[in-house]
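Visitor: only the shape, not the letters, is given here:
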C-alpha cells in the first residue's frame, strides 16, 4: 500500500525547494525546477482521490501550485505577458469538457468541471509560465539544456530499475507504490518506470528527449568540444530508450525523427504538418467507424504474435467507446456523464489506452479539434517565425524551439495508442509561442512557403525556355 505520509512529505519538500529557489534565484530557475524536477521526481500517486468524481490531488496539482508560488514571489515578471491568439488554444482545450456539459444540459456537471480543472493544472498553468519566463533565445536554450541534464541525471536510477527488477523499483522502495505487474516485463527484461505513471510513459518521455538532444547536437556542428559532450548525451538517452523496452516509444521516435531532421535540414517547420495530418486522419477514420484497424492487428500478428492480444484489445476498446459517443452525440461527447462500458468478455470495464479516445469521449469532435489544435497546429505555426527568411540575417534559427515543437507533436502522435501526460509539454508550448514577434507571424508563414514556390517557378520557367529554344 502507498505510504501517503511519505508521499505528502515529498510533495511538501518539493514545494519548499521551489520557494527557496524562487527567493534566491531568477524566476526561470524556479520554474525549471518546478516543471522538470516535478515531472521527473515527484511520486505519481495522488494523496487524495474523490470516489464520486474525477477530483484528485497529485503530481500535476503540486506542480501547478509550485509554479503559482514562484510567480507570486516574482509577481513583477507577470507584466511581461502579452496576449497572443495562440493563447486561445490551451484555454479552449481546457474548457471543452465544460462546453460539453452545457450541451448535455448540465448532467453530472461536477465531472466535467473536474476534467477542466485538471487540464488547467496540468497544461494551462505551465503554458502560462512558459509564456512569461522563456521569451529570449538564451532562456530557451537554457530550458533545453536543463531538460537534457535532468533526464540524463536519472540514468543511474534508470539502470537500477532496469537490472534489479520490479522489487527494487524506486516508487515501491520509497513510497510503497506497487508497479503495474502486467507491464514490468517486456522484450526479455525489466521495463523501468522511475517516477512516471508507468513504463510506457517513461519510454515516451525518453523518445521526446532524444529529439531534443539531436537538436542540441545539430547546433554544435561548429564547436567540436561541446559537440562531443552532446554526442555523449545522445548516446546515453538512446541507450535509456533502448532499455525502456517500450515498442510504442520506439515506433513513435522512428516515425517522428525523419520529419524532424527534414525540417531541420530544410529550415521549414511545416514539414511536421505531415504528422499532424496523419493524426487527424486516424482520429477521423476511427471515430466515425470508417476503419476498424484489423489490418494493423494482422500485421502485428505476423511480426510479433505476443503483442496481438494487446493491440486487438486497444482497437476493440476504441471501437466500443467511439460507437457509444456517436450514438450519444458525436459533436460534444459525454462531457461529465458516465460513459464507462462494461465488457463481459474481459469481466471488467473497457479502458482504451489512446488519449484521443478520452478526449473524444469528454468533448466529442469539438474536443478533438481543440486537442489537435493545441498539440499539433500550434507547434507548427508558432515555430515558423523562428525560421523567417526575412529575419535570417538578423538572427539564427532556433533549433531549440523546433525541438519543443516536435516534442509536442510526438506527444500527440503517441496519444493515438497511449496516454502520456506531461505538464512539461505545456511549458514548452508556452516558450514556443513566446518567441516570435506576433505581428510578423503572417509574414513568417508566407516566407516559409515562398522559398519553395519561387524555386519551383524558376525551374518551370527554365524548362519552358529550353523547350522553346
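Guide: Received the coordinates, thanks. Everything numeric here is computed off the predicted structure, so don't read it as measured data.
Visitor: quick check: which element contains the nearest residue to residue 282 once chain neighbours are set aside?
Guide: Leaving aside its sequence neighbours, residue 282 sits nearest to residue 416 (Cβ to Cβ, 6 or more residues apart in numbering; 5.6 Å). Placement of C-beta: from N, CA and C, glycine included. For residue 416, there is no enclosing helix or strand under DSSP states H and E.
Visitor: and residue 416, backbone torsions?
Guide: The phi/psi pair for residue 416 (degrees, to the nearest 10) reads phi -70, psi -30.
Visitor: hang on, isn't it packed against residue 281?
Guide: No - applying Cβ atoms under 8 Å as the test, residue 416 and residue 281 come out as separate, 10.6 Å apart.
Visitor: name the residue closest to the centre of the protein, please.
Guide: residue 411 (3.5 Å; Cα atoms, centre = their mean).
Visitor: quick one: secondary structure of the residue nearest to that one when sequence neighbours are not counted?
Guide: The shortest distance from residue 411 to any non-neighbouring residue, by Cβ to Cβ, 6+ apart, is to residue 425 (5.2 Å). The local conformation at residue 425, judged by DSSP: H, G, I helix; E, B strand; the rest coil, is helix.
Visitor: pLDDT value on residue 425, please?
Guide: Model confidence at residue 425, given as pLDDT, is 95.
Visitor: ok, now residue 366?
Guide: In this model, residue 366 is scored at 94, pLDDT.
Visitor: and for residue 393?
Guide: At residue 393, pLDDT is 36.
Visitor: residue 234 and residue 313, how far apart?
Guide: From residue 234 across to residue 313, the span is 35 Å (Cβ to Cβ, to the nearest Å).
Visitor: repeat that for residue 97.
Guide: 26 Å.
Visitor: and those two? Which one has more around it.
Guide: Between residue 97 and residue 313, counted using other Cβ atoms under 10 Å, the more crowded position is residue 97 (30 against 17).
Visitor: is it true that that one touches residue 367?
Guide: Yes - Residue 97 is within contact range of residue 367, at 7.3 Å (criterion: Cβ under 8 Å).
Visitor: so how far is residue 278 from residue 426?
Guide: From residue 426 to residue 278 the distance is 23 Å (Cβ to Cβ).
Visitor: typed the wrong thing, it's residue 116
Guide: From residue 116 to residue 278 the distance is 28 Å (Cβ to Cβ).
Visitor: higher neighbour count, the two?
Guide: The neighbour comparison of residue 116 against residue 278 (other Cβ under 10 Å) goes to residue 116, with 24 against 16.
Visitor: pull up the gap between that one and residue 156, please.
Guide: 39 Å.
Visitor: go on, residue 96?
Guide: The gap separating residue 96 from residue 156 is 41 Å, by Cβ to Cβ.
Visitor: can you pull the contacts of residue 290?
Guide: With contact set as Cβ atoms under 8 Å, 6 or more residues apart in numbering, residue 290 has these partners: residue 284.
Visitor: so for stretch 296-305, mean pLDDT?
Guide: On average, stretch 296-305 scores 80.
Visitor: any idea of the pLDDT on residue 130?
Guide: 95.
Visitor: residues contacting it?
Guide: Per Cβ under 8 Å, 6+ apart, neighbours of residue 130: 31, 426-434.
Visitor: one more: residue 202?
Guide: Counting by Cβ under 8 Å, 6+ apart, residue 202 has contacts 191-194, 196, 244, 246.
Visitor: give me phi/psi at it?
Guide: phi -60, psi -40.
Visitor: which residues are in contact with the closest residue to it other than its chain neighbours?
Guide: Nearest residue to residue 202, sequence neighbours excluded (Cβ to Cβ, 6+ apart): residue 196, at 4.3 Å. Residues in contact with residue 196 (Cβ under 8 Å, 6+ apart) are 44, 202, 205.
Visitor: export those residues to a markdown table and tack on pLDDT and distance to residue 251?
Guide: What follows is the contacts of residue 196, written out as a markdown table (pLDDT from 0 to 100; distance: Cβ to Cβ, whole Å):
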| residue | pLDDT | distance to residue 251 |
| --- | --- | --- |
| 44 | 87 | 24 |
| 202 | 95 | 16 |
| 205 | 97 | 15 |
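Visitor: all set, thanks.
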